[in-house]
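Asker: Can you look at this prediction? I've put the sequence above it.
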Amino acid sequence: MAVQFAESKLLDCYRVVYEAEKAGANVSGLLKVLNEAGWLLSRAKLAYSNGDLNLAYEYALNCSQKLEGIASQADNLRLEAEHAGRMDFLINYVGSAVGSLAVAVGGYAVWILLKRRENP
């Protein structure tokens, strides 16, 4: 039962971390923890298949403990990445609009100055 719970928890954490990575978050630290938890889960399954239920329980428990807080960390990283993506879009959009307006106003000002020089 503990092995199945740990496996379910690991899969849930992988899903949440995947969503964070898809949003553009840096999840390399979380992937390291997930890999360690996966190793513990594989050891738990091996111990279970060998009939060593106590060792299987210990490995499964360690796996579950290692995954504590991973989902919330991944969700926070996802939210931060989504916010940063919106800010990047806004900065690019507003920056392009302001730049275009500056070129138009600057061009108009130069045209007025040149026109005044022609007609003294």
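Answerer: Received it, and whenever you're ready, just let me know what you need.
Asker: so where's the protein uncertain?
Answerer: Residues of the chain meeting the criterion pLDDT under 70: 120.
Asker: Which residue lies nearest the spatial centre of it?
Answerer: Taking Cα atoms, centre = their mean as the criterion, residue 25 is the residue nearest the geometric centre of the chain, at 2.2 Å.
Asker: Touching, that one and residue 75? I think so.
Answerer: No. Between residue 25 and residue 75 there is no contact under Cβ atoms under 8 Å: 9.7 Å. Every C-beta, even on glycine, is put in place using the N, C-alpha and C of the backbone.
Asker: for the residue nearest to the centre of the chain, helix, strand, or coil?
Answerer: Counting by DSSP: H, G, I helix; E, B strand; the rest coil, the backbone at residue 25 sits in coil.
Asker: next one: residue 68
Answerer: Under the three-state scheme (three-state DSSP), residue 68 adopts coil.
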